[in-house]
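Colleague: Below: sequence and its predicted model.
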Amino acid sequence: MINFRNLPEEDEPEDFYYDERGRFVMTAHYLLKRGYCCGNGCRHCPYDYKMVPEPGRTKLLEKRKAEQQQDNYYDDPDHE
C-alpha cells in the first residue's frame, strides 16, 4: 500500500488528483514513471492491470472498455 502522505516532493501536479469523492488518484503519467503494475487496480493503470489477480483483472478491463465506449459515444459529432 502506498503512503500518500510521504510522496516525494518531485512529484508533479500531473502525477495525481483527487476525485469527486476526495480519493487520491494516480495518473497514467505517474504510473508510467513508476514503471510497473502494482496489482491494486489503479484507475489509470497503463499496464492493463497485469498484476491484478483474476477475476478482478477481467472485471477491470471490461469496465475500462465500457467506459471508453461510452466516451466515444458522447464524442461522436453525429450524437445529439
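Modeller: On my side now, so go ahead.
Colleague: Count the neighbours of residue 26 for me.
Modeller: Counted with other C-beta atoms under 10 Å, residues neighbouring residue 26 total 22. From N, CA and C alone the C-beta is placed, and that goes for glycine too.
Colleague: who's in contact with it?
Modeller: 15, 16, 42, 43, 44 (C-beta atoms under 8 Å, 6 or more residues apart in numbering).
Colleague: Show me what it bridges to in the sheet.
Modeller: Residue 26 has these beta-bridge partners by DSSP bridges: residue 16.
Colleague: Alpha carbons of the lengthiest helix in the chain, as CSV, please.
Modeller: When the chain is scanned for its longest helix (criterion: DSSP state H), the result is helix 56-75. The C-alpha trace of helix 56-75 is given here as CSV (Å, rounded to 0.1, in the frame of the first residue of the first chain):
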residue,chain,number,x,y,z
GLY,A,56,-10.5,-8.8,-10.8
ARG,A,57,-8.3,-8.2,-13.8
THR,A,58,-11.0,-9.2,-16.2
LYS,A,59,-13.6,-7.1,-14.5
LEU,A,60,-11.4,-4.0,-14.5
LEU,A,61,-10.6,-4.5,-18.2
GLU,A,62,-14.3,-4.9,-19.0
LYS,A,63,-15.1,-1.8,-17.0
ARG,A,64,-12.4,0.2,-18.8
LYS,A,65,-13.7,-0.9,-22.2
ALA,A,66,-17.3,0.0,-21.3
GLU,A,67,-16.2,3.5,-20.2
GLN,A,68,-14.2,4.0,-23.4
GLN,A,69,-17.2,3.0,-25.5
GLN,A,70,-19.4,5.4,-23.6
ASP,A,71,-16.8,8.2,-24.0
ASN,A,72,-16.6,7.5,-27.7
TYR,A,73,-20.4,7.7,-28.0
TYR,A,74,-20.5,11.1,-26.5
ASP,A,75,-17.5,12.3,-28.5
